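**Q** Turn this into a structure:
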Amino acid sequence: AHAAAAHGRTGVTHVLVKNGTHLRAVDAFRTVFGEATRMVFLARDPRAVAESKLRTRRPYHPWETFAWGGAIHAAVRWNDYAMRASDAASRWPGMLVVRFEDYVAAPGERSARILAHLGIAPARDPAAANSSAGTYAIPAREAAIHGRAASGALDAASLDEWRPRLGTRERLVIERLCREGMRRLGYEAPAAGPAALALPFALEAARTVYGTARHATLARWHRWRGTAAAGRGADGG
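**A** Down below sits the predicted model:
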């Protein structure tokens with residue numbers, strides 16, 4: 001209601017926020033919005049997630065990919081989200097964990113479960129509901145990364161697209177760092193011995209150090225450019 005009022009909307013009963021970082025504030029959300037708060041964590045195999053983030057450029061920061069810190073960066077973040085979501089689900093009925101792979105296999109069943117969890121009645125005519133869902137449109141900059149979502153189609157073949165694309169070094173690191181989160185969410189995580197992991201971790205650690213330094217440097221540079229441009233504008237230059 002507060003968010004809707006801020007945007008001049010009335011009669012709003014549900015507000016959807018898509019942001020994985022909110023998993024770090026589950027208890028705060030429950031305190032502020034009450035026990036009626038509902039969260040849905042849509043999980044996907046971390047190897048598929050990491051492969052996508054390693055090659056996909058950020059739409060508003062196109063000089064770097066989402067996983068600017070390499071496979072370690074992507075794996076640590078995925079495992080953090082998975083652990084937080086599974087912990088919350090184990091102690092609070094307001095958290096629902098849904099695997100993307102299960103959703104693709106049975107979209108109707110999973111959609112019904114999600115709607116029931118959110119307290120939303122399913123539409124009698126889904127096609128009509130989709131055509132009148134509102135004025136939201138994917139921003140132009142994000143169209144390239146949300147093309148499949150915009151099409152409304154679910155492609156089961158896409159579930160395994162990561163396999164030929166993800167390097168062995170990256171896969172070994174991801175499987176090791178995400179092992180517990182994968183176990184909790186029902187993903188198989190092959191175990192590799194220390195000898196097989198030593199070189200991949202050394203190489204990915206170097207990639208993380210370089211990527212983090214580059215990320216921080218470019219962030220400062222672009223902030224400075226923005227500040228400088230604002231200053232020139234204020235001076236009429």
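**Q** which helices and strands does the helix ranked longest in the chain pack with?
**A** Longest helix in the chain, counting residues (DSSP state H): helix 194-234. Judged by 3 or more CB pairs under 8 Å, 6 or more residues apart in numbering; DSSP states H and E, the packing partners of helix 194-234 are strand 61-65, helix 70-91, helix 168-177. All C-beta atoms are positioned from the backbone trio N, CA, C, and that covers glycine.
**Q** And those: which comes nearest residue 14?
**A** When the helices and strands packed on helix 194-234 are compared by CB to CB, helix 70-91 sits nearest residue 14, at 19.6 Å.
**Q** Which residues belonging to that closest one are considered buried?
**A** 70-75, 77-86, 88-89 (16 or more other CB atoms under 10 Å).
**Q** That helix: how far from the chain's middle?
**A** 11 Å (CA atoms, centre = their mean, to the nearest Å).
**Q** surely residue 70 meets residue 208?
**A** Yes - shown here, residue 70 and residue 208 form a contact pair, counting by CB atoms under 8 Å, at 4.9 Å.
**Q** Now residue 117. Nearest residue, chain neighbours left out?
**A** residue 96 (4.5 Å; CB to CB, 6 or more residues apart in numbering).
**Q** Give me the pLDDT value at that neighbour.
**A** Residue 96 is assigned 96 on the pLDDT scale.
**Q** Can you spell out which helices and strands pack onto the helix or strand where it lies?
**A** Using DSSP states H and E, the secondary-structure element containing residue 96 is strand 95-99. Applying 3+ CB pairs under 8 Å, 6+ apart, one finds that strand 95-99 contacts strand 39-43, helix 70-91, helix 107-118.
**Q** buried stuff in that strand?
**A** Buried positions in strand 95-99, judged by neighbour count with 16+ other CB under 10 Å: 95-99.
**Q** Out of the residues you listed, the closest to residue 52 would be?
**A** residue 99 (16.0 Å).
**Q** From what I see, the closest one and residue 43 are in contact.
**A** Yes - in this structure residue 99 lies within contact range of residue 43 using CB under 8 Å: 5.1 Å.
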